[in-house]
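**Student:** Take a look and give me a structure for this.
(2 chains)
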2 protein chains.
Amino acid sequence: MPTFKLTIAYDGSTYVGWQRQASGPSIQSVLEGACGELAGREVSVTAAGRTDAGVHALGQVAGVSIDRAIDGRTLTRALNWRLPATIRVLGAVEVPDGFHARFDARFKVYRYRIWNAEVCSPFERAYAWHIPSPNLDVETMAEAARLLEGLHDFAAFRGAGTATGGTERTVFSSRVAREPGSKLITYDVSGDGFLRYMVRNLVGSLVEVGRGRHAADWVRDVLVSGDRGRAGPTAPADGLFLMAVGYE
Amino acid sequence: MPTFKLTIAYDGSTYVGWQRQASGPSIQSVLEGACGELAGREVSVTAAGRTDAGVHALGQVAGVSIDRAIDGRTLTRALNWRLPATIRVLGAVEVPDGFHARFDARFKVYRYRIWNAEVCSPFERAYAWHIPSPNLDVETMAEAARLLEGLHDFAAFRGAGTATGGTERTVFSSRVAREPGSKLITYDVSGDGFLRYMVRNLVGSLVEVGRGRHAADWVRDVLVSGDRGRAGPTAPADGLFLMAVGYE
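**Tutor:** Sure, this is the predicted structure:
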């Protein structure tokens, strides 16, 4: 039974998240439905990472085994034909049996978008965190973001109520930028893995720095403390995009 | 009674267009509703240009007279408070009595977006014309677009069935571009006025050139012929954005 690695983009704004849930349509359930139609039987699809409700993806990766002779290009077309326009398969390649989208992932890249202007663009209403004021101090945010790079225990930035477990991760790159004159601030972060809510919690803390409530160094103090209660609030889901997942 | 010039952005994908219609919600009806609530009476709002169903705006301009002592900043906030997130007032300035958003407009700037890749991004589904193939010849399209600059009779590019009248317009700038490696092609056009469907008809013809069906010069032949039947098809509304309206 051939296994495929799918690269997927989706607009998460009308979904309850990746994972199948009773409360509404999930990316997983819609994809499994399309794959199941093709295969003529129930099919399960496993993602590299379970994005939360409202989170978007430009490069999610999922694995699926389909008991049917089909090539990647035909599979891509057949799935896109069945999927709503809010979910697109960007590509499908056959991979060896035993491929696991989640366990085999070696790194992930996320982008978080902040719209920093009094009025939110109607085109950003579901794709950015709208912070009307103050004008965030992007230079100090960028300085703070750099302090997160490297191997650290990110316990302070895990989701509240997350089961304890290994909380050490390596962040390869952590950068905040704003194009001159732009209302859009982007936070690009890549690493070998992320705890649940970790990116949104990092952003919440970087914004506290950007508001001038703390110096850049404070982010390192929070990191070292391992105390979730000291970090900033969790940033909204809308601004978060899973950009890419890397494999060996 | 103070008159205000409003600058407005809207996501046109869920509206029947600018103009009030029985068939569904229009930008005008929603704005007039919000202004009417503020004024405590019926208010009429006049736009620089009546965008069609599905067309978007980043810089539409509208005039409204409100019988109430209020400054531009407060009006902006009060309207945005009442408007859905798909329509935003970007600013309001008081203008002399007799200001007319449509008749006083001196130029308009439009952008048309084309997504030229086999799979359409889920984030572009309502904001670009998806042309899966072929890979459009952007250089020749750009050459053809330049031929439209200047004072011409644009009768060949007016909407089919449009009442006859003056069809001469001056196009100041007409440019097609694609960032290297990008799937997005943009057409930026500015002029002293546009006939109904004119931008979408120009785009439809430029795409014929991009597909290799005609040489760049053909666009000039169509222009000179004045014959609507010779031009390309009307491009879909989704890709069109009214970017700005200029006044003296």
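**Student:** now chain A, which segments are flagged as low pLDDT?
**Tutor:** A:161-164 (pLDDT under 70).
**Student:** For it, what lies in contact range of chain B?
**Tutor:** With CB under 8 Å from any CB of the partner chain as the criterion, chain A meets chain B at residues A:9-11, A:56, A:58, A:76, A:80, A:85-90, A:119-123, A:125, A:127. In short, each C-beta sits where N, CA and C put it, glycine included.
**Student:** need the strands for chain A, in chain order.
**Tutor:** A:3-10, A:45-47, A:56-65, A:87-95, A:107-115, A:129-130, A:150-153, A:168-178, A:184-191, A:240-246 (DSSP state E).
**Student:** Output those strands in a markdown table, with mean neighbour count appended to each entry.
**Tutor:** As requested, these are exported to a markdown table (neighbours: other CB atoms under 10 Å in any protein chain shown):
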| stretch | mean neighbour count |
| --- | --- |
| strand A:3-10 | 22 |
| strand A:45-47 | 21 |
| strand A:56-65 | 24 |
| strand A:87-95 | 19 |
| strand A:107-115 | 21 |
| strand A:129-130 | 20 |
| strand A:150-153 | 14 |
| strand A:168-178 | 17 |
| strand A:184-191 | 21 |
| strand A:240-246 | 22 |
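**Student:** of all those, which lies closest to B:Gly239?
**Tutor:** Closest of the strands of chain A to B:Gly239 is strand A:87-95, at 17.6 Å (criterion: CB to CB).
**Student:** Direction included, what does that closest one pair up with?
**Tutor:** Counting by DSSP bridges, the strands paired with strand A:87-95 are strand A:3-10 (antiparallel).
**Student:** and the partner strand with strand A:56-65, angle?
**Tutor:** Angle of strand A:3-10 versus strand A:56-65, following axes from the mean of the first three to the mean of the last three CA atoms, to 10 degrees, is 160 degrees.
**Student:** now A:Gly59: how far from A:Thr186?
**Tutor:** Note on A:Gly59: its distance to A:Thr186, by CB to CB, to the nearest Å, is 16 Å.
**Student:** Need phi/psi at the residue lying farthest from the centre of chain A.
**Tutor:** Largest separation from the mean C-alpha position in chain A: A:Ala69, at 32.2 Å (CA atoms, centre = their mean). Main-chain dihedrals, A:Ala69, degrees, to the nearest 10: phi -70, psi 110.
**Student:** what sits against the spatially closest residue to it that is not a sequence neighbour?
**Tutor:** For A:Ala69, ignoring the flanking residues on the chain, the nearest one in space by CB to CB, 6 or more residues apart in numbering or on different chains is A:Pro2 at 7.8 Å. Residues counted as contacts of A:Pro2 (CB atoms under 8 Å, 6 or more residues apart in numbering or on different chains) are A:Ser65, A:Ile66, A:Arg68, A:Ala69, A:Ile70, A:Glu94.
**Student:** How much space separates the first one from chain B?
**Tutor:** From A:Ser65 across to chain B, the span is 22 Å (CB to the nearest CB, to the nearest Å).
**Student:** Any idea what that residue is bridged to?
**Tutor:** Beta bridges link A:Ser65 to A:Thr3, judged by DSSP bridges.
**Student:** right, and it touches A:Glu32 too?
**Tutor:** No - look at A:Ser65 against A:Glu32 with CB atoms under 8 Å: they stay out of range, at 12.0 Å.
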